[in-house]
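K.L.:
Here is a sequence together with a model predicted from it:
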Amino acid sequence: MDLNGVPATLDQMKALALTNYGHFTSMLVENGAVRGLSLHMDRLARDCRQLFDQDLDAEQVRGYVRKALGEHASDRAVVRVTVFDPALDLGTIGRDAQPQVLITHRQAASGSPAPWRLQATAYQRDMPSVKHIGLWGTMQRRRAAQKEGYDDALFLNPDGTISEIATSNIGFVRDGRIIWPRSPWLAGVTMTLINQELDEQIVTEPLTLSDLPSMDAAFATNAATGVRAVSSVDSTEWASDAHAVLKELRELYADIPAEPV
């Protein structure tokens, strides 16, 4: 773990754990490059202004990522960039901030991700437009779903409309078109890249669980895993990842040029 390009100290990590105020982005690095890297940097800069009232130097962040990867830059890794201020604590959270950049990374999983079975649950994230580190509620719902034998949780707004998965976006296929839920959610980088490539095939609609039987397929998008089939939501099931549009989405995403870190 590197903080501003040097190894982080225990006290700095304690501040992150105990105060738990900040934001992040996670991205898949392959051969030193990332699909949608500019979008990840834009997200970090936007969220930094919103949470800390400070600008973030994207080029400096990219340098920190390169340094943290070091000799492993050509490996396949999931890199997380977390922005927080170690000097803030629960009693001084309103002070002017000096956000710092923490880089962590882990080896990326290989092979195609297995289809997911989702459990629908009532939940709406705080500030859904910001990728913040306040994940207690999302992890509690994911844990509850997994304890019931599912893979993850699908969130429902108070009015019953579908929003997102715990740490992924959800999309559906109907009559060859991509349907995203119309809802407050965090627009993921993978989702945004797909929208840029398939603009005329994209539709957003308010969706409830009663709409799901009319869908031909469902999928999740996440920067670490790309496009993953969803095989079921509660009792509604689809033919795993056999649908042709899901195959096309994976191929389209794989062909998007990556940007060097």
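P.N.:
Now that the structure is in, tell me what you want to look at.
K.L.:
Every contact and neighbour count from this point should use C-alpha atoms.
P.N.:
Fine.
K.L.:
give the contact list for Ser112.
P.N.:
Arg228 (CA atoms under 8 Å, 6 or more residues apart in numbering).
K.L.:
what's the pLDDT at it?
P.N.:
pLDDT, Ser112: 81.
K.L.:
next one: Leu193
P.N.:
pLDDT, read off for Leu193, is 96.
K.L.:
quick one: it is in a helix?
P.N.:
Yes: assessed with DSSP: H, G, I helix; E, B strand; the rest coil, Leu193 lies in a helix.
K.L.:
quick one, what contacts it?
P.N.:
Gly36, Tyr253.
K.L.:
ok, it to Val233 distance?
P.N.:
Here Leu193 is placed at a distance of 25 Å from Val233 (CA to CA, to the nearest Å).
K.L.:
And Cys48, by the same measure?
P.N.:
Taking CA to CA, one finds Cys48 at 34 Å from Val233.
K.L.:
Tyr123 too?
P.N.:
Taking CA to CA, one finds Tyr123 at 15 Å from Val233.
K.L.:
before we move on, what about Tyr253?
P.N.:
Taken as CA to CA, the span from Tyr253 to Val233 is 24 Å.
K.L.:
Of these two, which one has the most company?
P.N.:
Legend: neighbour count by other CA atoms under 10 Å for Tyr253 and Val233, higher for Val233 (21 against 18).
K.L.:
pretty sure the more buried one is touching Arg117, no?
P.N.:
Yes: assessed by CA atoms under 8 Å, Val233 is found in contact with Arg117 at 6.1 Å.
K.L.:
Low-confidence ranges, the stretch 51-200 of the chain, go.
P.N.:
For the stretch 51-200 of the chain, the stretches with pLDDT under 70 are 72-74.
K.L.:
and if we set it to 90?
P.N.:
69-76, 108-113, 176, 185, 199-200 (pLDDT under 90).
K.L.:
State whether Met13 is indeed within a helix.
P.N.:
Yes: under three-state DSSP, Met13 falls within a helix.
K.L.:
please renumber so the chain begins at 54
P.N.:
Sure, I'll start counting at 54 from here, so that last one is Met66.
K.L.:
and it, what does it touch?
P.N.:
Here Met66 is in contact with Pro139 (CA under 8 Å, 6+ apart).
K.L.:
Swap in 7 Å and give it another go.
P.N.:
Listed by CA atoms under 7 Å, 6 or more residues apart in numbering, Met66 has no contact partners.
K.L.:
Tell me the first helix or strand C-terminal of the longest helix along the chain.
P.N.:
Looking across the chain with DSSP state H, the single longest helix is helix 90-105. Downstream of helix 90-105, the first helix or strand assigned by DSSP states H and E is helix 111-122.
K.L.:
could you give the angle of that next one to helix 90-105?
P.N.:
110 degrees (axes from the mean of the first three to the mean of the last three CA atoms, to 10 degrees).
K.L.:
Show the subsequent helix or strand relative to helix 111-122.
P.N.:
Assigned by DSSP H and E, the successor of helix 111-122 is strand 129-137.
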